[in-house]
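> The sequence isn't on hand, but the structure is:
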């Protein structure tokens, strides 16, 4: 069994912080941002995309 090192935890926390910052940025931009997976399934869209397509 292996346990995460303090360096691994710090890196994980940095990645989580970066993901939160990107999410906040994408939510704040006025343009539509739409994310789909490789199969073409919608996984995320922001308020700009909601306005563009008439959803609220």
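Ah, there it is. Here the structure is a predicted model, which is why all the values come from computation and not from measurement.

> By residue count, tell me the biggest helix in this structure.
helix 6-28 (DSSP state H).

> could you say what helices and strands that helix packs with?
Of the remaining helices and strands, none touches helix 6-28 by 3 or more CB pairs under 8 Å, 6 or more residues apart in numbering; DSSP states H and E. From N, CA and C alone the C-beta is placed, and that goes for glycine too.

> and the helix or strand just after that helix, what does it pack onto?
Heading C-terminal from helix 6-28, the first helix or strand you meet, by DSSP states H and E, is strand 34-36. Using 3+ CB pairs under 8 Å, 6+ apart as the contact test, the elements touching strand 34-36 are strand 42-45.

> The strand it packs on - contacts with which helices or strands?
Judged by 3+ CB pairs under 8 Å, 6+ apart, strand 42-45 is in contact with strand 34-36.

> pLDDT averaged over the strand it packs on, what's the number?
Average pLDDT, strand 34-36: 96.

> Sheet partners, orientation included, of it?
strand 42-45 (antiparallel) (DSSP bridges).

> need the next SSE after the strand it pairs with, C-terminal direction.
That would be, after strand 42-45 and using DSSP H and E, helix 47-53.

> Mind giving me the packing neighbours of that following helix?
Helices and strands touching helix 47-53, by 3+ CB pairs under 8 Å, 6+ apart: there are none.
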